[in-house]
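K.L.:
Only the shape, not the letters, is given here:
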Ligand SMILES: Nc1ncnc2c1ncn2[C@@H]1O[C@H](COP(=O)(O)OP(=O)(O)O)[C@@H](O)[C@H]1O
Ligand SMILES: [Mg+2]
């Protein structure tokens, strides 16, 4: 029996199908589309929030989606320790929902950026990042991916190993200011204190096939598979 | 019959003129109607007979284009064209202009251009899979250009990114003829099971007409007639007519429409584009040979106190009109409700061939449908070959520059040649997880995932769409017929570089004022050239768009843009994913030229940029050798033996070779003995050529694959310089900087 | 010297953001919201100059507002 | 009843948009701009209710402002 991975669809989500495809390409994982108007998640093994422009990202990215009927169930699932991953807009929704600290501001140069970046993987082991290689090439595509958190929060994130991904320079080295979007400490992805809720701006599903130029993103889905199998 | 509403203006000559109707046109309306039109009807006539909706100057010329072929499923006349991809799939595509709105409000103008073309495609049941855009701006150092480019690019990105449709390519050029009139042409291609294509037809007497999407406001009223007028000093006052787009609403419309299309409810469907509710309902009735009656009070309205005139002429975005089978209304509404959209029944299909509108119980319009469609005015406007062409087509004495390396460096920095990643970095070109050849290449390649549209490839391998947009306005300016023909050849050549066989093309014909015989001649000649090339290369034209009156008046001089027949071509590659590299992948590869050596100086960017001359005939296409080259290129791609191919275009051999080196692997080549001028050999823009690179040991295989196509060994890859023996010797880093910095420098 | 600039969409111009926010508020149970407009407010600190007001106007026309679809209002503080 | 809500980034939160606007103004020759803050202003028309103010506060806390990075101020009109 394959593991049941719930992939949410909000109005304006546009990476939901991509994400289901990447999940379904992972052995033992099976994606299930969950509509935002549902109130019941079923009994998934993991919940994924896709990229896109939920509710047009008007007002603030993810602000309105966070109040979708399904989000109560997602909060419950997260609070009970279930693995949750938000990608891009999904990350924004998770911060708006308070499941992850910080916020995502508009990019430093006020422009949408679509390009492949080099990410450094660090921090604690999570369901999505355990066993990942040290560096990964994964595309970003966002206008508001400029991670911000106040100093206390940053200290905690850094101190507790909650920073999972950092933008590196093109040579794959750590370099202050390497984040193309201006993120504080070049942060590209984080997790909550418990480590079960993960948010990241880069799109692993877009790097899950050699035909697309990189298959590095597959490692996240394989990590989830490994995590669920070990459970 | 028509009674006057309190908001109606009395119809007099001045009002008729203000609506852009000629005396003879108005006389025709009077004769057919047998009475004076109502104010509402006058507005409707004005938009339906505008150049934009009626194609009155272009219709007779467009008819000469080849539009049929074994792969054509739907040719021009529908919302978009469709070609057969095999195994039960079709590609649906079209290109459209949003030039005038973009000049006035670059962000919203460009955004709504993308929104409009996307609707044209998903209206037919196809899920959009990729966008292209073709852009023209004035000189890059002009303040207006620096304002337009970021706005247009952000607008295109803003809409396409939000919709989740990747923008995978395009072309951008800068020239002073566009200083007062930029061009924004947007292209979308979608994929659909070929037995699930929907058409914009109103049929079945009594069937309800549903309106769905955004409520109607006073946006863009008279937008369609505006697009058919020259820009002048009074343009400012027309500003409030710009529409604002809501890509979020359109995303909901897209998903809801595609979901509804799985059911058996829709008889016909059409988006509301230019001239909104009017043209969509009129055209649907026209195609169905039916009549329509609409109750305009039922139209969802965003504002208070709107008049029927405004409701009919509004160009509010994100709206669709559907004819559904009687009895399915509730099912249709339920699907739209799921997506938080509200559908309203606004009318019925009738059989009297009349287009009727009611407002508060009164009939405010009643006109025979054909008056507004087939019988709309059409002109064979006078043409004359511009006299200045005689001189322009001849080449004067041109000194040969001493330092050709300096020329090359300067050409790499020319905005037409320079790196466009400043632009496409702002477009989501990856969403969909199918963009396998990304922007920056000769053409984009977009995968159709096996089974994604229910297809079975019967063991022939995965299908990929090759997509390219091309137009060299300078070539067309110097000889519209052969210049346009050359663009067809170049587009097909770009597709061949990614292995794709061309299936069809769409065009967006941007020209000046057709009432001027010079311009009309350019237009007609351009179509002659396109038709000739399409026939010779067996690429049918399946859809298109015409944008005329692209002129600016400053003081008492009016200047037109370079004639710019933008083309976008769609091709198919099927099989194992081609292993192509964006630049030379390694040292030690044999670099070779395919095709004749070529040294055609006329109409080149080199002449223009270095010598300040737009002179000479553009290069001519030799169809048999051009086609042989494409066949050879495709065979090489399929074979997997050639890791790098790139066609020669702007800037000729030297620029193409430099582009090959921009990944960091250099090249050292020697030109064969020739009596031609060195600058012509390096920078001439002859058609029918490409460079390739391969393992030296593969030479025999390459030769076997290319048949009779001439092959000249030029040299080897390696090092970190571009060396053309005795002529150019420059470090890649220097060329790369020149190439990379131009757009950011001017635009950031 | 301080100044505040309000920028709003002109009446009649579609405001998709306002529509989305109002829809969000309704679905969250705030049905009392009958209409809603979103605008920008820009607070500036400026060097004193005699032609400050004129220059503020120029800033609005050129950059702060998109006068094709937006209108603006300047409030000069102290 | 009318209400107006101002939403601003909290002090200390980097404002990339404001920085870009200020940079734009400077490069256009408006060097007198010493600092600049961008905010949102939301004008609401509401049904009268006795608990209107409280509910407005709830709208702000929940949706109109992200209190991690933004502060808000409510002005009640008539
Ligand atoms: N407006 C644009 N949008 C997206 N991609 C663009 C745009 N303009 C140029 N490009 C990309 O930049 C690359 C170079 O363009 P161009 O110089 O026109 O190529 P070519 O000479 O091969 O026709 C192409 O891959 C093209 O897709
Ligand atoms: Mg090319």
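P.N.:
Arrived safely. Bear in mind the structure is a predicted one, so any value in this text is a computation, not a measurement. Ligands and ions are numbered 1, 2, ... in the order given.

K.L.:
For chain B, what lies in contact range of ligand 2?
P.N.:
Taking Cβ under 5 Å from the ion, the part of chain B that reaches ligand 2 is made up of B:442, B:494, B:647, B:649. (C-beta placed from N, C-alpha, C; glycine too.)

K.L.:
Same list (those residues) but as JSON lines, adding neighbour count.
P.N.:
Shown next, in JSON lines, are the residues of chain B next to ligand 2 (neighbours: other Cβ atoms under 10 Å in any protein chain shown):
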{"residue": "B:442", "neighbour count": "27"}
{"residue": "B:494", "neighbour count": "30"}
{"residue": "B:647", "neighbour count": "25"}
{"residue": "B:649", "neighbour count": "23"}
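
K.L.:
Is the longest helix seen in chain A positioned near chain B?
P.N.:
In chain A, taking DSSP state H as the definition, the longest helix is helix A:218-230. No: shown here: helix A:218-230 not in contact with chain B (Cβ under 8 Å from any Cβ of the partner chain), separated by at least 11.9 Å.

K.L.:
Please narrow the residues of chain B next to ligand 2 to those residing in helices.
P.N.:
Short answer: the residues of chain B next to ligand 2 in helices (DSSP H) are residue B:494.

K.L.:
For chain A, which segments are assigned as helices?
P.N.:
A:16-24, A:70-79, A:89-96, A:151-159, A:218-230.

K.L.:
packing partners for the longest one?
P.N.:
Right, helix A:218-230. If you count contacts as 3 or more Cβ pairs under 8 Å, 6 or more residues apart in numbering or on different chains; DSSP states H and E, helix A:218-230 packs onto strand A:3-9, helix A:16-24, strand A:29-35.

K.L.:
neighbours of residue 44, just the number please.
P.N.:
In the absence of a named chain, chain A is used. Using other Cβ atoms under 10 Å in any protein chain shown, residue A:44 has 21 neighbouring residues.

K.L.:
wrong one, I was asking about chain C
P.N.:
26.

K.L.:
What residues are bridge-paired with it?
P.N.:
residue C:3, residue D:36 (DSSP bridges).

K.L.:
So for ligand 2, which of the helices and strands packed on helix A:218-230 sits nearest?
P.N.:
Checking the helices and strands packed on helix A:218-230 against ligand 2 by Cβ to the ion gives helix A:16-24 as the closest, at 28.7 Å.

K.L.:
hang on, residue B:172 is in a strand, isn't it?
P.N.:
Yes: judged by DSSP: H, G, I helix; E, B strand; the rest coil, residue B:172 forms part of a strand.

K.L.:
What helix or strand is the spatially most central residue of chain B located in?
P.N.:
Residue closest to the average C-alpha location in chain B (Cα atoms, centre = their mean): residue B:95, at 3.4 Å. Residue B:95 is part of strand B:89-97, with elements assigned from DSSP states H and E.

K.L.:
Can you mark which positions in that strand are buried?
P.N.:
B:89, B:90, B:91, B:92, B:93, B:94, B:95, B:96, B:97 (16 or more other Cβ atoms under 10 Å in any protein chain shown).

K.L.:
before we move on, what about stretch A:55-73?
P.N.:
A:55-68, A:70-71, A:73.

K.L.:
Find the centremost residue of chain C, please.
P.N.:
Short answer for chain C (Cα atoms, centre = their mean): residue C:7, at 2.1 Å.

K.L.:
how close does that residue get to residue D:12?
P.N.:
Taking Cβ to Cβ, to the nearest Å as the measure, residue C:7 falls 25 Å from residue D:12.

K.L.:
tell me which parts of the stretch 401-550 of chain B are close to chain A?
P.N.:
B:424-433, B:435-436, B:438, B:447, B:449.

K.L.:
Would you mind checking those residues for buried ones?
P.N.:
B:424-433, B:435-436, B:438, B:447.

K.L.:
What about these, which are in helices?
P.N.:
residue B:424.

K.L.:
ok, back up a step: intersect the residues of the stretch 401-550 of chain B next to chain A with the contacts of ligand 1.
P.N.:
Intersecting these with the contacts of ligand 1 gives residue B:424 (criterion: Cβ under 6 Å from any ligand atom).

K.L.:
ok, residues contacting the top helix by length along chain C?
P.N.:
If you go by DSSP H, chain C has its longest helix at helix C:16-27. For helix C:16-27, contacts defined as Cβ atoms under 8 Å, 6 or more residues apart in numbering or on different chains pick out A:55-56, A:58-59, A:63-64, A:67, B:244-246, B:248-249, B:340, C:33, C:35-38, D:42, D:59, D:63-64.

K.L.:
Since that was my last question, I'll sign off now.
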